[in-house]
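Asker: Take a look and give me a structure for this.
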Amino acid sequence: MMSMDYLFTITIPMLEGAKMTILLFLIAVIASIPLGFVITLMVKSAIKPVAWLANFYIYIMRGTPLLLQLLLFCFGLPMLPLIGEYLVLDRFVAACLAFILNYAAYFAEIFRGGLLAIDKGQYEAAQVLGFSRWQTMRKIIIPQMFRVALPAVSNESITLVKDTALLYAVAVPELLHFAQTAVNRDFTIIPFFVAGIIYLLMTLILTWVFKQLERRLKFE
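Answerer: Have a look, this model is predicted:
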């Protein structure tokens, strides 16, 4: 039976690793959500090359594994001929870019679904009321789109928390890294259970935050 001292000893470094996990999550969410919305607007653009480029981007990012993209940004870009030496990035920075670009594609599809759920008659009603295209989007369409898309955004954000474990594959010292180190050192699987509890706590908090946000938007 494991002592409390041992649990304390292995939990402290894992909590330090969790800081890296949380930092990656915050950077990825803050950057990928607005980027995803921009890509959604590009998909709906009347300029065909812009719409085609956005759709191609979404297809590539959703059609290839995040781990492959992560390895490409961390190890592949520096190997490119001529420009590779200028693309050598800190591994955490490279990982952030991979996560942002990957999740932006998923959020773009979520927002596109939210826009499709809005009745076209609302565009016509706004036009009758004299709203400009920008006023229509800002005051009528975008708020409704976010209400519709919020549950899917919540699910994708929870997936993002779990996907941060992929940092382990590129030797960035996050939560799972410290758990694996403790397992190898002490020949026990207890650190994996502790890591699992920490992940569950993070997703529990995130779920609560999104539930509060959904409840607030329903009553606005």
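Asker: Report the secondary structure element holding the spatially closest residue to I189 that is not a sequence neighbour.
Answerer: Counting by Cβ to Cβ, 6 or more residues apart in numbering, I189 lies nearest to V183, which is 6.3 Å off, once chain neighbours are set aside. In this view, the C-beta of every residue, glycine as well, is placed from N, C-alpha and C. Element membership for V183, per DSSP states H and E: helix 175-186.
Asker: Next SSE downstream of that helix?
Answerer: The element immediately downstream of helix 175-186 (helix or strand, assigned by DSSP H and E) is helix 190-219.
Asker: Just the buried residues of that next one, please?
Answerer: Buried residues in helix 190-219, counted by 16 or more other Cβ atoms under 10 Å: P191, V194, A195, I198, Y199, M202, L206, F210.
Asker: closest to R216 among the residues you listed?
Answerer: Taking Cβ to Cβ as the measure, F210 is the one of the buried residues of helix 190-219 closest to R216, at 10.6 Å.
Asker: contacting residues around the residue lying closest to that closest one once chain neighbours are set aside?
Answerer: Distance criterion Cβ to Cβ, 6+ apart; nearest residue to F210, sequence neighbours excluded, is S154 at 3.8 Å. Shown in contact with S154 (Cβ atoms under 8 Å, 6 or more residues apart in numbering): L206, T207, F210, E214.
Asker: Next: M145.
Answerer: M145 touches F111, G114, L115, A117, I118, counting by Cβ under 8 Å, 6+ apart.
Asker: A126: neighbouring residues, count only.
Answerer: Around A126 there are 18 other residues, counting by other Cβ atoms under 10 Å.
Asker: helix or strand for the nearest residue to it once chain neighbours are set aside, which one?
Answerer: Excluding the flanking residues, the one nearest A126 by Cβ to Cβ, 6+ apart is T136, at 4.1 Å. Using DSSP H and E, T136 sits within helix 133-136.
Asker: Likewise for T9?
Answerer: Per DSSP H and E: T9 is located in helix 4-43.
Asker: So what angle separates the directions of that helix and helix 175-186?
Answerer: Put simply, helix 4-43 runs at 150 degrees to helix 175-186, going by axes from the mean of the first three to the mean of the last three Cα atoms, to 10 degrees.
Asker: going forward, begin numbering at 9 instead of 1
Answerer: Shifting the count to begin at 9 puts that one at helix 12-51.
Asker: buried sites along the helix or strand that helix 12-51 is followed by?
Answerer: Next in sequence after helix 12-51, counting helices and strands by DSSP H and E, comes helix 56-71. Neighbour counts over helix 56-71 (16+ other Cβ under 10 Å) mark A62, Y65, I66, M69 as buried.
Asker: Distance of the last one relative to L221?
Answerer: Okay, so that is M69. Counting by Cβ to Cβ, to the nearest Å, the gap from M69 to L221 is 26 Å.
Asker: Pull the contacting residues for the nearest residue to T215 once chain neighbours are set aside.
Answerer: Closest residue in space to T215, ignoring its immediate chain neighbours: I166 at 6.6 Å, by Cβ to Cβ, 6+ apart. Contact analysis of I166 by Cβ under 8 Å, 6+ apart lists T211, L214, T215.
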